[in-house]
Structures are given as C-alpha cells and as structure tokens.
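In: sequence and predicted structure below; questions after.
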Number of protein chains: 2
Amino acid sequence: MSEGEQSAIPAELMRCRATIDNIDAALVHLLAERFKATQEVGKIKADAGLPPADPGREERQIARLRALADEAGLDPHFAEKFLAFIIAEVIRHHEAIQAAHGSPPER
Amino acid sequence: MSEGEQSAIPAELMRCRATIDNIDAALVHLLAERFKATQEVGKIKADAGLPPADPGREERQIARLRALADEAGLDPHFAEKFLAFIIAEVIRHHEAIQAAHGSPPER
C-alpha cells in the first residue's frame, strides 16, 4: 500500500480492521478444530455403518444456533445459513471417508 | 428422540458432538462480534464517503487467512470460501447503511 492510500484510511477504520483480523484468526483456528471433530465423527459413523448425514441432529443444531445467535445479537437467519455452509463441507468430507471405506454414501 | 435411537449412537460420537456444539457456540459469538466491528466499519466508510467494498483489503485478508488456515490444518481453499461467504454478508450490510445515508453504493 502506498503512503497516499495509507493516509486516506481513517484511524478508527484501521482499529476496526485490526479487531476483525484478530476475530478471523480465532475463527480459522476454531474451524480447524471443528473439522478435526467432524472428521472423527465421520470415522465413527463409517465404522458403525451410520449414514453421513443425520437430518434430526441437523434440525436440533439449527434450532440451538438460531437461539444462541438471537441472544448474541447475530441475525438468526445468517447463523442458519452459516451452519448450512459448514455442514455442506462436513458432508463432503464424510462421503469421502465412507467412499474410502468401500460402502456407498447414503446421500 | 426415542430411547431406541438414543442407544444406537456410540458414546464416542456423542462426545464429539458435544465438542462440536461448544465450538459452534463460540463461532456464533465471535461472528456476532465480527459483525459489530463490520457494522462500525460500514458507518465509518459511509461517513467518509468510502466505497462499501475494498478489493485490496479483501485480497490481503484472503492471503492472510489462507496462510493461517494452512498452519492450523484447515483446508486453505475452504478458509477462502468461508471468508467470501462472510464478506458477501458484510457487503450487503454496508450497502444497506450506504443506502440509508442517501448515497448510492459503489457496487
């Protein structure tokens, strides 16, 4: 970034961006842990012959996260979209594990 | 859930799910804080007449998060998709703020 561009950014904006960068680092590390846990779930499910997706569990997760989001001041609709985004990735992982175990994924 | 279904879930799977639920609660709370910071950014940008989107900033965020993801054992491609997902929501917020201030959004 040139000095000219740098000076055009208000100091308050730079402070907010530093906060956002810290939160993003925390989010990335939590997501890394979450996928470790779901990879483990995938292995347990494959070993037990359980299907990769569990609609009942997903419904309970959505309801819980919407309630937590509402309390935290986050748009519950966004929280639901966020969970769907993560779960789509998790199901891709689970299907890959199931396929590696030789049994076809249930969806 | 019936008792029959409950007993069909391995104990190890239930422990993993409890971890995932704790991580999800943390993610929701961090996302709530992140949107507070970006709402503030939106106000600062609108007051300063800056455009809602900032492609240079986004490029730096993507490069940083990919590097952090790689270190943390998270798929860098997923980290990039995740940031794009969040930024799309942020830009929608910024455009709404800009529109409320009476000046048209730049994109």
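Out: Sure, I can see it.

In: the most centrally placed residue in chain A: what's it in contact with?
Out: Among the residues of chain A, residue A:86 comes closest to the average C-alpha position under C-alpha atoms, centre = their mean, at 3.8 Å. When the contact criterion is C-beta atoms under 8 Å, 6 or more residues apart in numbering or on different chains, the partners of residue A:86 are A:31, A:34. (C-beta placed from N, C-alpha, C; glycine too.)

In: distance between the helix or strand that contains it and the chain's centre?
Out: Residue A:86 belongs to helix A:76-100 when elements are defined using DSSP states H and E. For helix A:76-100, the distance from its own C-alpha centre to the chain's C-alpha centre is 8 Å (C-alpha atoms, centre = their mean, to the nearest Å).

In: what comes up buried for that helix?
Out: Judged by neighbour count (16 or more other C-beta atoms under 10 Å in any protein chain shown), helix A:76-100 contains these buried residues: A:76, A:78-80, A:82-83, A:86-87, A:89-91, A:93-95, A:97-98.

In: quick check: what element follows the helix or strand bottoming out on mean pLDDT in chain A along the chain?
Out: Across the helices and strands of chain A, the lowest-confidence element by mean pLDDT, DSSP states H and E is helix A:3-8, at a mean of 52. Going down the chain from helix A:3-8, the next helix or strand is helix A:11-48, by DSSP H and E.
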